[in-house]
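Student: Sequence below, structure please.
(one chain, ligands or ions: 1)
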Amino acid sequence: MNARVELPRFASIEKIIERLKPVEPVYVLHPGRFQAAAKRFLDSFPGDTLYAVKANPAPQVLDQVWSAGIRHFDTASLPEIELVRARFPDSICHFMAPVRSVGAAKAAFERFGVTDYVVDCDYELDKLLGEVKTPEKLRIFVRIATPLGGALLELSSKFGTTPEDAARLLKRVAEAGAAPCITFHVGSQCLSPFSYAQAVEMARRTAKLAGIEIAALDMGGGFPGPYPGNDVPPYHWYFDTIKEALATFGPSHPPVLCEPGRALIAEGLSLITQVILRKDDSLYLNDGVYGSFDELTLPGWTAGYHHKVYSLDARNRVLPLGGAEKPLRVYGPTCDTLDVLPRPLMLPGEIAAGDFIVFQDMGAYSVAIRTAFNGFYPDNWAVVGN
Ligand SMILES: *Cc1c(COP(=O)(O)O)cnc(C)c1O
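Tutor: Got it, this is the predicted structure:
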């Protein structure tokens with residue numbers, strides 16, 4: 001399980017299509033893009049960057065994230081901790097889910113030395129303090145809910161509490177002898193850097209309300225992927241805005257963390273799919289919403305993926321297919337009527353069975369959410385470049 005996954009390497013996506021003519025979907029890793037994404041955070045975020053494993057837990061992807069220099073992991077379950085620590089014994093896991101199965105915190109602490117936990121209510125705090133008997137070794141992050149802001153997917157209706165309640169919980173954490181900390185998540189695919197500033201300000205006021213100097217501030221994830229259909233601000237705006245917000249703590253701010261999932265891995269993966277059938281203006285692809293495309297179906301999701309179409313010519317050469325485009329309905333391979341991309345795709349009018357559609361920036365919440373429904377489970381991998 002620890003072994004590096006050996007994968008076929010190619011010079012380009014065109015070469016993969018030419019050599020393999022893949023009739024099943026292929027996930028293509030771009031190591032340089034994983035490196036660039038990690039570097040943005042490692043160079044400019046003013047604290048520890050944790051990779052949120054749920055965004056893509058494939059070993060092939062974890063290896064890329066590790067090679068890119070990420071050493072901290074936001075793990076939300078015991079199996080995620082086991083996965084990460086078996087692969088990278090020197091990694092540091094942080095248990096950042098506010099709801100944990102009975103015994104999970106005890107096992108994480110005793111077996112893996114995990115010392116960071118999140119709570120947003122008394123029940124989970126009591127459970128945590130009941131399972132770990134040495135609270136002085138813990139950092140306990142109280143999660144505050146943040147207002148609806150610039151994110152496509154909000155994450156504050158399920159988790160997080162009010163500043164008043166959080167202040168009360170922070171006092172309880174401090175009284176128990178653990179280090180009191182605050183966390184939030186502004187929502188996923190957050191297109192507004194200002195959402196982070198607003199949440200940092202809420203955290204600062206919450207700490208003040210509690211009369212407590214917090215030991216750390218965790219800014220969650222939410223940093224966006226560069227999808228068409230979304231206006232993604234330059235990344236440095238996020239980091240600049242966060243640094244300006246932290247300056248309001250005075251001459252020194254608490255140690256900070258962030259937990260990007262999507263932003264560390266979205267760009268690192270492309271997906272090669274093949275057209276199985278064309279019927280009039282309907283295409284049937286070998287991947288669909290039960291495979292890699294679940295995220296497109298989320299309510300309020302306005303993003304898509306950049307795509308390119310390739311054909312094989314009579315001499316088996318791979319050529320980009322151009323020509324006038326038209327909107328085509330794209331179905332997945334399963335027998336379920338719901339297995340259809342929610343919006344038509346603009347595709348070359350000439351596209352036909354046997355052609356390939358390559359989707360870019362497919363790393364986030366694709367592999368992680370795929371199912372084996374109807375026997376279709378995309379799991380072929382290749383590498384392009386170094
Ligand atoms: C999902 C999640 C993340 C990662 O979110 P992204 O939007 O992918 O960056 C980070 N932290 C927590 C607690 C999460 O639930």
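Student: This structure: helices as residue ranges?
Tutor: 13-20, 31-44, 59-67, 78-87, 104-112, 122-131, 163-176, 194-210, 235-247, 262-265 (DSSP state H).
Student: Pick the most buried one from these.
Tutor: helix 262-265 (a mean of 29; mean count of other C-beta atoms under 10 Å). Heads up, the C-betas are built off the backbone N, CA and C, glycines and all.
Student: buried set for stretch 182-195?
Tutor: Using 16 or more other C-beta atoms under 10 Å as the test for burial, stretch 182-195 gives 182-195.
Student: any idea which of those residues is closest to the ligand?
Tutor: S188 (3.2 Å; C-beta to the nearest ligand atom).
Student: Can you tell me the closest non-neighbouring residue to the closest one?
Tutor: Sequence neighbours aside, L153 is the residue nearest to S188 in space, at 4.2 Å (criterion: C-beta to C-beta, 6 or more residues apart in numbering).
Student: Count the neighbours of the residue of the stretch 251-386 of the chain found nearest the ligand for me.
Tutor: Of all residues in the stretch 251-386 of the chain, G261 sits closest to the ligand, at 2.7 Å by C-beta to the nearest ligand atom. Residues near G261, counting by other C-beta atoms under 10 Å, number 25.
Student: Test for you: state the pLDDT assigned to it.
Tutor: Here the pLDDT value assigned to G261 is 98.
Student: picking that back up, could the helices of the chain go into CSV alongside distance to Q360?
Tutor: Output for these, formatted as CSV (distance: least, C-beta to C-beta, whole Å):
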stretch, distance to Q360
helix 13-20, 10
helix 31-44, 10
helix 59-67, 16
helix 78-87, 26
helix 104-112, 36
helix 122-131, 39
helix 163-176, 39
helix 194-210, 26
helix 235-247, 18
helix 262-265, 13
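Student: for this structure, which spans come out with low pLDDT?
Tutor: 1-5 (pLDDT under 70).
Student: need the longest strand for it.
Tutor: In terms of residue count, the longest strand belonging to the chain (DSSP state E) is strand 269-279.
Student: Which elements pack onto that strand?
Tutor: Here strand 269-279 is seen to pack against helix 13-20, strand 26-29, strand 282-285, strand 356-359 when contacts are counted using 3 or more C-beta pairs under 8 Å, 6 or more residues apart in numbering; DSSP states H and E.
Student: and which of the buried residues of stretch 182-195 is nearest V318?
Tutor: The closest of these to V318 turns out to be Q189 (C-beta to C-beta; 32.1 Å).
Student: So for L341, which of the helices of the chain sits nearest?
Tutor: Nearest to L341 among the helices of the chain is helix 262-265 (19.4 Å), distances taken as C-beta to C-beta.
Student: Which residues outside that closest one are in contact with it?
Tutor: Contacts to helix 262-265, defined as C-beta atoms under 8 Å, 6 or more residues apart in numbering, come from residues 34, 37-38, 40-41, 49, 51, 55-56, 61, 64-65, 68, 70, 188-189, 221, 223-225, 363-365.
Student: so can I have JSON lines of the buried residues of stretch 182-195 showing distance to the ligand?
Tutor: Shown next, in JSON lines, are the buried residues of stretch 182-195 (distance: C-beta to the nearest ligand atom, whole Å):
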{"residue": "I182", "distance to the ligand": "13"}
{"residue": "T183", "distance to the ligand": "7"}
{"residue": "F184", "distance to the ligand": "9"}
{"residue": "H185", "distance to the ligand": "5"}
{"residue": "V186", "distance to the ligand": "9"}
{"residue": "G187", "distance to the ligand": "7"}
{"residue": "S188", "distance to the ligand": "3"}
{"residue": "Q189", "distance to the ligand": "6"}
{"residue": "C190", "distance to the ligand": "7"}
{"residue": "L191", "distance to the ligand": "12"}
{"residue": "S192", "distance to the ligand": "13"}
{"residue": "P193", "distance to the ligand": "14"}
{"residue": "F194", "distance to the ligand": "17"}
{"residue": "S195", "distance to the ligand": "12"}
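Student: Restricted to strands, list those residues.
Tutor: 182-183, 188-190.
Student: which pair in those spans the largest distance?
Tutor: I182 and Q189 (22.8 Å).
Student: Show me which residues of the stretch 201-350 of the chain sit near the ligand.
Tutor: Contact residues (C-beta under 6 Å from any ligand atom) of the stretch 201-350 of the chain with the ligand: 220-223, 259-263.
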